[in-house]
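**Q** Sequence and predicted structure below; questions after.
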Amino acid sequence: MELVNIFIRSIFIENMIFAYFLGMCSYLAVSKKVNTAVGLGMAVIFVLGVTIPINYLLENYLLKAGALSWLGPDLADVNLGFLSFIMFIAVIAAVVQLVEMAVEKFSPTLYSALGIFLPLIAVNCSILGGALFMQEKDFPNIGQATVYGLGSGVGWFIAIVAIAAIREKIRYSNVPGPLRGLGMAFIITGLMGIAFLSFSGIKL
């Protein structure tokens, strides 16, 4: 039950886009077409689902105070927490590189459509934010950390696919000139963020 609660909360209540506005650059830039939005969203799910459990293991068995006690009592007082940012980013960059290579090999069309925003997942605020939130929440086991990562990815996926679908629908609508494109995307994002606030009343 706890895993379900974490999954639902990370998707709807603590949505990376609508609750924290993380990863907005790629969210706005790649949400013009549903196809490309789905591709990037799936990549984000994979990256978050893989990097957060890896970073959880690094945090709990290498970096935080006392994490090295499993190597011996002499290392119980060692605290490598100052390396957290560097280690988290290194893991994220490595996984994103693997994703980029896989997309380029198996889906060249999607690779071309995503352009620079595929490798930029490595510096996507939502990816590093997920690792830092995992660190802050101090999950008791890797299972909960993994579910949180997958849920955060699914929440980001829902956000970018939803706005891409809306932007495709309103492309030929009678939108005032100054609001076309990015202006309307900001307005829609704000309204969707307000809508997602209603989920904060859910008791889990």
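**A** The structure has been received and is ready for your questions.
**Q** Tell me where the protein has helices.
**A** Secondary structure of the chain (DSSP state H): helices located at 2-8, 24-29, 34-58, 84-106, 108-114, 125-137, 142-169, 182-197.
**Q** Mean pLDDT and mean neighbour count added to those helices, as JSON lines?
**A** Using the backbone N, CA and C atoms, a C-beta is placed for each residue, glycine as well. Shown next, in JSON lines, are these (pLDDT from 0 to 100; neighbours: other CB atoms under 10 Å):
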{"stretch": "helix 2-8", "mean pLDDT": "93", "mean neighbour count": "16"}
{"stretch": "helix 24-29", "mean pLDDT": "88", "mean neighbour count": "20"}
{"stretch": "helix 34-58", "mean pLDDT": "93", "mean neighbour count": "22"}
{"stretch": "helix 84-106", "mean pLDDT": "91", "mean neighbour count": "16"}
{"stretch": "helix 108-114", "mean pLDDT": "84", "mean neighbour count": "16"}
{"stretch": "helix 125-137", "mean pLDDT": "93", "mean neighbour count": "21"}
{"stretch": "helix 142-169", "mean pLDDT": "95", "mean neighbour count": "21"}
{"stretch": "helix 182-197", "mean pLDDT": "90", "mean neighbour count": "15"}
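**Q** so who does the nearest residue to L75 once chain neighbours are set aside touch?
**A** Leaving aside its sequence neighbours, L75 sits nearest to L68 (CB to CB, 6 or more residues apart in numbering; 3.9 Å). Shown in contact with L68 (CB atoms under 8 Å, 6 or more residues apart in numbering): Y61, L62, L75, A76, V78, L80.
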